[in-house]
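> Any chance you could fold what I've pasted below:
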Amino acid sequence: MTRESRAVALQVLKGGFGKSTIANALSDALARRNNRTLLLDLDPEGHLSTGLGFYNRSTDGLDFRDVLLGESDPSELIEETGYGFDIVPAQNLEAVNKDLSRDEVIRSDEQLKTQFVDPLLEDEYDYIIMDLAGSRNKLTNNALVASRNVIIPLAPAAEALNGIRQTTSKLIGPLREYMNVEILAVVPNDLQQRLDQETTDRELLESMNTSERFAAYLEAGHGADIDAGTLPEGMNTQEVLDAHIPSFARVKEEVWEAIDNGERKPPTIPLRHRAAFTRAYRDRCPISVYDPDCDQLQYFDDLAQIVENGGLQQ
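Numbering: from 1, shown residues only. You can find the predicted model right below:
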């Protein structure tokens, strides 16, 4: 693992799991660590753009079609946020997806990489962070091909485990047949319930930290049997989870046993639900600007370090 320029996609095939919140705060953390950072809003809903004060979803001006399918300079799409990192706001993305899907577009899943990311990464930016829609489309495919590094946010909800299963089996696993795609981290988000009771927080975190099935999802395309939920022979569940679950969210099996036996108090695992995230969105600024003392900022700094390192250092 080395500190080098890279693009990273925030993706899970499910909406409402905190992709935009994490993309915003991660870009801010990278910038505060003196990295040249560009944030791409590739979700047609534009939630991320709105949260930073960029409201337009469509325009008669320049958009990704002019860069990906034309000859325009990618730098013409970039806006300054005023917070130390730059952004390409969501504009005309439904039309971009439609035009990328045309039969005459050759190597249509590689346009973002060749026309946008490759010209900017390293020379202009250290890191390019991409916020994606919760469904599959042409820009989703382009983003994964262009980044080949993925952070998967998960929230405590009934569909969380199905969300990661769909993401790895339908997107990441198939791509791994042709290229190296790394899952840098799986990040729990919006946690607020107790872990010593049967809550959705407990269900998500215990699965993330102990389950071979969850580990198998992470190794989709590397020989894991997704349907059976089993890893290939010789691959260890705990080692796989160590390589994908950040230390701030890692709770090993013996700790769960101690919690259930009343031998220790349950830990408070980030990323926690905080009203400050909603208020920062309302004020159109990153969380570090709205609340510099927010107790969750340190964990976005940890996540920024994971991006810089290209993975976890356990």
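> Endpoints of stretch 171-189, how far apart?
21 Å (CA to CA, to the nearest Å).
> ugh, wrong one, stretch 259-266
Using CA to CA, one end of stretch 259-266 lies 6 Å from the other.
> in it, what's buried?
If you call a residue buried by 16 or more other CB atoms under 10 Å, then stretch 259-266 has these buried ones: 259, 266. Backbone N, C-alpha and C define where each C-beta goes, glycine included.
> so who does the nearest residue to residue 299 once chain neighbours are set aside touch?
Once flanking residues are discounted, residue 299 sits nearest to residue 270: 4.5 Å by CB to CB, 6 or more residues apart in numbering. Residue 270 makes contacts with 188, 191, 248-249, 296, 299, as judged by CB atoms under 8 Å, 6 or more residues apart in numbering.
> quick one: which of those residues is nearest residue 180?
The closest of the contacts of residue 270 to residue 180 turns out to be residue 249 (CB to CB; 24.5 Å).
> and residue 196, how many neighbours does it have?
Residue 196 sits with 13 neighbouring residues when counted by other CB atoms under 10 Å.
> for the nearest residue to it once chain neighbours are set aside, what are its contacts?
Leaving out its chain neighbours, the residue that sits closest to residue 196 by CB to CB, 6+ apart is residue 266, at 4.6 Å. By CB under 8 Å, 6+ apart, residue 266 lies in contact with 194-196, 259.
> Same check on residue 283?
Contacts of residue 283 (CB under 8 Å, 6+ apart): residue 290.
> Let's see the pLDDT reported for residue 103.
pLDDT for residue 103: 85.
> Can you say which helix or strand has it in it?
Assigned by DSSP states H and E, residue 103 falls within no helix or strand.
> can you tell me how far it sits from residue 183?
For residue 103, the distance to residue 183 equals 32 Å [CB to CB, to the nearest Å].
> So between the two, which is more surrounded?
residue 183 (21 against 6).
> Could you tell me the average pLDDT over stretch 306-314, please?
For stretch 306-314, the per-residue pLDDT averages 87.
> Report the buried residues of that stretch.
Neighbour-count burial for stretch 306-314 flags 306-308, 310, 312 (criterion: 16+ other CB under 10 Å).
> can you list the contacts of residue 270 in JSON lines and add secondary structure and distance to residue 125?
Converted to JSON lines, these look like this (DSSP: H, G, I helix; E, B strand; the rest coil; distance: CB to CB, whole Å):
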{"residue": "188", "secondary structure": "strand", "distance to residue 125": "28"}
{"residue": "191", "secondary structure": "strand", "distance to residue 125": "31"}
{"residue": "248", "secondary structure": "helix", "distance to residue 125": "26"}
{"residue": "249", "secondary structure": "helix", "distance to residue 125": "28"}
{"residue": "296", "secondary structure": "coil", "distance to residue 125": "25"}
{"residue": "299", "secondary structure": "helix", "distance to residue 125": "23"}
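> pLDDT and neighbour count added to those residues, as CSV?
Below are the contacts of residue 270 laid out as CSV (pLDDT from 0 to 100; neighbours: other CB atoms under 10 Å):
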residue, pLDDT, neighbour count
188, 97, 25
191, 97, 21
248, 97, 16
249, 97, 23
296, 98, 19
299, 98, 20
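> got the residue ranges for the helices in the stretch 201-314 of the chain?
Using DSSP state H, counting those that start in this stretch, the helices of the stretch 201-314 of the chain run over 212-218, 237-242, 253-260, 275-282, 287-290, 297-309.
> I'd like to know which of the ones you listed lies nearest to residue 16.
Among the helices of the stretch 201-314 of the chain, helix 275-282 comes nearest to residue 16, with 13.3 Å by CB to CB.
> Return the set of buried residues in that closest one.
Residues 276-277, 280-281 are the ones in helix 275-282 that count as buried (16+ other CB under 10 Å).
> Which of these sits closest to residue 27?
residue 280 (13.2 Å).
> Quick check: closest non-adjacent residue to that closest one.
residue 290 (3.7 Å).
> Let me know the pLDDT of the one you found.
98.
> The spatially closest residue to residue 135 that is not a sequence neighbour: neighbouring residues, count only.
With sequence-adjacent residues excluded and distances taken as CB to CB, 6+ apart, residue 135 is closest to residue 13, at 6.6 Å. Neighbour count of residue 13, defined by other CB under 10 Å: 23.
> and the helix or strand hosting residue 144, what other elements does it pack with?
Assessed by DSSP H and E, residue 144 sits inside helix 138-147. Judged by 3 or more CB pairs under 8 Å, 6 or more residues apart in numbering; DSSP states H and E, the packing partners of helix 138-147 are strand 6-10, strand 37-42, helix 93-100, helix 111-112, strand 127-132.
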